[in-house]
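Novice: I need the structure of the sequence given here:
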Amino acid sequence: MTTHVSPEWQRLVVIEPRLDGLLAEARSVDSTAPDFDETLHWDRGIKPQLIHLVGWYAHQDDTRLTTSEAYNTAVNTLYPAILEKAA
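Specialist: Residues are numbered from 1 along each chain as shown. Take a look at the predicted model:
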């Protein structure tokens, strides 16, 4: 199963292409491994990279990326992608 990406996500990727790399990273996780911890992977892997790209603390000139809406769109796309292989 592949996580559906919303039109909002696609617009963000056009503005900030590195988001697409984060999605690929999230999808590459082996969430079927017995010792897999989704929260740990999110908190130490994806989220630290994400906060520099979108949301209030993002280091971006384009204000469309520095909104809570942009952050929520990214989280709602990336977090489920971590679990794709378990589905």
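Novice: Go through this structure and flag its longest helix.
Specialist: helix 68-82 (DSSP state H).
Novice: How about T77, nearest residue that isn't a chain neighbour?
Specialist: Nearest non-adjacent residue to T77, counting by C-beta to C-beta, 6 or more residues apart in numbering: W9, 4.6 Å away. The C-beta positions use only the backbone N, C-alpha and C, and glycine is treated the same way.
Novice: G55 is in contact with T67, correct?
Specialist: Yes. Between T67 and G55 there is a contact under C-beta atoms under 8 Å: 7.5 Å.
Novice: Look at those two and report which has more neighbours.
Specialist: G55 (19 against 14; other C-beta atoms under 10 Å).
Novice: contacting residues around the closest residue to that one other than its chain neighbours?
Specialist: Distances taken as C-beta to C-beta, 6+ apart place Y71 nearest to G55, at 3.3 Å, with adjacent residues excluded. Neighbour list for Y71: 50, 54-56, 58 [criterion: C-beta atoms under 8 Å, 6 or more residues apart in numbering].
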